[in-house]
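Engineer: Okay, here's the prediction I keep looking at, along with the sequence it came from:
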Amino acid sequence: MPRNGEMTLGLYLVQTGYHESAWRDPSVPANGGVDVDHYGHLAELAEGAAFHFVFFADTLSVVERDNASLARAGRNDGFEPITLLSALSSRTRNIGLVATASTTYHQPYHLARMLASLDHLSRGRAAWNVVTSGFEAEAPNFGDKELPHHDKRYARAREFVDVVKGLWDSWEDGAFIRDKPSGIFVDTTKVHLLNHRGSFLSVRGPLNIARPPQGHPVLVQAGASDAGIAFASEVGEVVFTAEPCLENGKRYYTSLKDKAHALGREENQILIMPGIVPIVGRTKQEASEKLERLQSYSHIDVQIETAERWLGFVVDLRSVDLDSFVPEALPETNLIRSRQKVLLDLAARQKLTWRELIRLVSASKGHLMVVGTPDEIANAMVDAFDQRAADGFNVLPPTVPGGLKDFVELVVPELRRRAKFRAGYSGQTLRENLGLKRPLNRFIQTGASTGL
């Protein structure tokens with residue numbers, strides 16, 4: 001997206017709010033995770049404020065490892081993303097719909113078909129958040145004892161994304177002519193077999209649905225490890241990061257854009273959007289009291305399990321002195337390496353004890369958290385945008401719908417007052433609203449043969 005002075009905004013949809021104990025807040029519907037009207041209301045609030053998209057994360061397992069934390073966790077009764085976003089496509093008109101799906105435990109044909117369907121249902125508003133599975137509990141659900149090695153997951157992901165894009169291109173635009181007088185439904189000179197045979201996948205094609213309205217749904221990625229950054233620079237069009245430090249964010253922004261440019265990509269065709277947890281109050285004290293109230297709902301069992309998970313399950317926090325300082329390094333994890341690094345860097349900068357870190361993780365999980373007035377939150381966002389640490393933000397309200405309403409009613413007007421956020425939608429598709437080009441069909445570019 002050309003940097004015309006306006007940032008992009010996405011809403012991170014979560015059952016009851018991003019805070020780990022949000023479900024206990026009296027203002028929050030505890031059954032929100034399985035209430036389509038609840039999600040519909042959130043999407044409508046975001047669309048009314050001209051957010052670019054809603055973003056729905058996912059894991060393919062229950063992630064808690066013991067009954068003590070499982071009993072108090074409020075995350076294990078949520079919808080599958082493409083199912084939910086397909087329902088929301090009929091309740092919205094303009095906002096983008098980002099579905100998370102793993103390249104480790106899906107098959108490309110299934111996923112290409114589902115995402116193409118979502119793009120058709122929404123008339124060009126679909127996006128795919130490409131993940132490689134980063135939680136160990138996912139593996140046994142698919143017949144594996146453990147996750148494949150971190151770098152192997154990314155190697156499969158590269159091939160997987162290429163196959164999916166190839167399947168989306170297997171029909172040229174306009175292939176389905178549906179001509180009743182002649183009886184010809186499809187122009188067979190515009191169909192192409194993929195015939196992919198690679199290291200991980202073998203897929204013939206063609207896909208049994210027309211090319212998506214956007215050509216390809218927008219590709220979202222969240223890589224921040226070395227392997228993840230390389231992957232994001234290759235395929236990501238929107239990159240979702242966790243970075244609470246402005247200077248680190250600036251380095252990441254420059255590094256990723258440079259890597260993408262070296263691969264022949266245009267800088268404005270990759271948008272970097274870190275997460276922000278805004279805890280909004282009309283005064284600083286009011287905002288601080290909101291956070292303290294949420295923290296009071298957070299049981300130590302949940303705090304410990306959440307911190308262990310995001311640190312990669314390489315430390316047993318029940319066996320350490322929680323009032324000791326967090327060490328500078330921990331053993332390398334095969335899970336989400338980038339988040340472990342973010343949390344350790346944060347602990348080192350702020351000289352946190354284990355107790356302080358696990359409380360922070362329950363609230364922000366390593367994302368930038370700003371507790372303050374609308375002006376203070378806008379200041380942090382504008383600073384990151386103007387200093388090229390972000391092209392926009394994924395907004396992670398601590399509670400919903402209340403935390404989202406606070407942001408929409410108090411922070412968005414402040415961003416608009418500063419001419420940093422738009423007042424409405426300008427395009428018909430998500431690509432158009434993000435300033436991303438519609439991809440050309442690979443088979444037309446290469447002059448590949450047609451027909452079956």
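Structural biologist: Yep, it's here.

Engineer: can you pull the buried residues of stretch 233-249?
Structural biologist: 233-244, 248-249 (16 or more other C-beta atoms under 10 Å). C-beta here means a position set from N, CA and C on the backbone, and glycine is covered the same way.

Engineer: Can you redo the residues you listed as TSV, where the extra columns are pLDDT?
Structural biologist: Output for the buried residues of stretch 233-249, formatted as TSV (pLDDT from 0 to 100):
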residue	pLDDT
Ser233	95
Glu234	96
Val235	96
Gly236	97
Glu237	98
Val238	98
Val239	97
Phe240	96
Thr241	94
Ala242	94
Glu243	91
Pro244	94
Asn248	94
Gly249	95
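
Engineer: okay if I get these as a markdown table plus secondary structure and distance to Asp144?
Structural biologist: Shown next, in a markdown table, are the buried residues of stretch 233-249 (DSSP: H, G, I helix; E, B strand; the rest coil; distance: C-beta to C-beta, whole Å):
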| residue | secondary structure | distance to Asp144 |
| --- | --- | --- |
| Ser233 | helix | 28 |
| Glu234 | helix | 26 |
| Val235 | helix | 24 |
| Gly236 | coil | 26 |
| Glu237 | coil | 30 |
| Val238 | strand | 29 |
| Val239 | strand | 28 |
| Phe240 | strand | 26 |
| Thr241 | strand | 28 |
| Ala242 | coil | 26 |
| Glu243 | coil | 31 |
| Pro244 | coil | 33 |
| Asn248 | helix | 34 |
| Gly249 | helix | 35 |
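
Engineer: Of those, which is the nearest to Thr92?
Structural biologist: Proximity of the buried residues of stretch 233-249 to Thr92 (C-beta to C-beta) peaks at Val238, which lies at 18.3 Å.

Engineer: Look at the residue lying closest to that closest one once chain neighbours are set aside and report its pLDDT.
Structural biologist: Ranked by C-beta to C-beta, 6 or more residues apart in numbering and with sequence neighbours excluded, the top spatial neighbour of Val238 is Val220, at 4.4 Å. The model reports Val220 with a pLDDT of 98.

Engineer: Which elements pack onto the helix or strand where Val220 lies?
Structural biologist: Taking DSSP states H and E as the criterion, Val220 maps to strand 218-221. Contact analysis of strand 218-221 by 3 or more C-beta pairs under 8 Å, 6 or more residues apart in numbering; DSSP states H and E lists strand 96-102, strand 126-131, helix 226-235, strand 238-241, helix 430-434 as its packing neighbours.

Engineer: hey, C-alpha coordinates of the top helix by length along the chain in PDB?
Structural biologist: Secondary structure of the chain per DSSP state H: the longest helix is helix 150-168. Extracted C-alpha coordinates of helix 150-168, given in PDB (Å, rounded to 0.1, in the frame of the first residue of the first chain):
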ATOM      1  CA  HIS A 150      10.800 -25.900  12.800                       C
ATOM      2  CA  ASP A 151      12.700 -25.400   9.500                       C
ATOM      3  CA  LYS A 152      11.100 -28.500   7.900                       C
ATOM      4  CA  ARG A 153       7.600 -27.000   8.700                       C
ATOM      5  CA  TYR A 154       8.600 -23.800   6.800                       C
ATOM      6  CA  ALA A 155      10.000 -25.900   3.900                       C
ATOM      7  CA  ARG A 156       6.600 -27.600   3.500                       C
ATOM      8  CA  ALA A 157       4.900 -24.300   3.900                       C
ATOM      9  CA  ARG A 158       6.700 -22.800   0.900                       C
ATOM     10  CA  GLU A 159       5.700 -25.700  -1.300                       C
ATOM     11  CA  PHE A 160       2.200 -25.700   0.100                       C
ATOM     12  CA  VAL A 161       1.600 -22.000  -0.700                       C
ATOM     13  CA  ASP A 162       3.000 -22.400  -4.200                       C
ATOM     14  CA  VAL A 163       0.600 -25.300  -4.800                       C
ATOM     15  CA  VAL A 164      -2.400 -23.400  -3.500                       C
ATOM     16  CA  LYS A 165      -1.600 -20.400  -5.700                       C
ATOM     17  CA  GLY A 166      -1.200 -22.800  -8.600                       C
ATOM     18  CA  LEU A 167      -4.600 -24.300  -8.000                       C
ATOM     19  CA  TRP A 168      -6.200 -20.900  -7.800                       C
END
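
Engineer: tell me which residues in it are buried?
Structural biologist: For helix 150-168, burial by neighbour count (16+ other C-beta under 10 Å) applies to 150, 152-168.

Engineer: cool, and stretch 28-48?
Structural biologist: Residues of stretch 28-48 classed as buried: 28-29, 32-33, 38-43, 45-47 (neighbour count, 16+ other C-beta under 10 Å).

Engineer: What mean pLDDT does it get?
Structural biologist: On average, stretch 28-48 scores 97.

Engineer: which residues sit against that stretch?
Structural biologist: Here stretch 28-48 makes contact (C-beta atoms under 8 Å, 6 or more residues apart in numbering) with 11, 13, 15-17, 22-24, 54, 74-75, 77-79, 84, 87-88, 91-95, 399-402, 404-405, 408.
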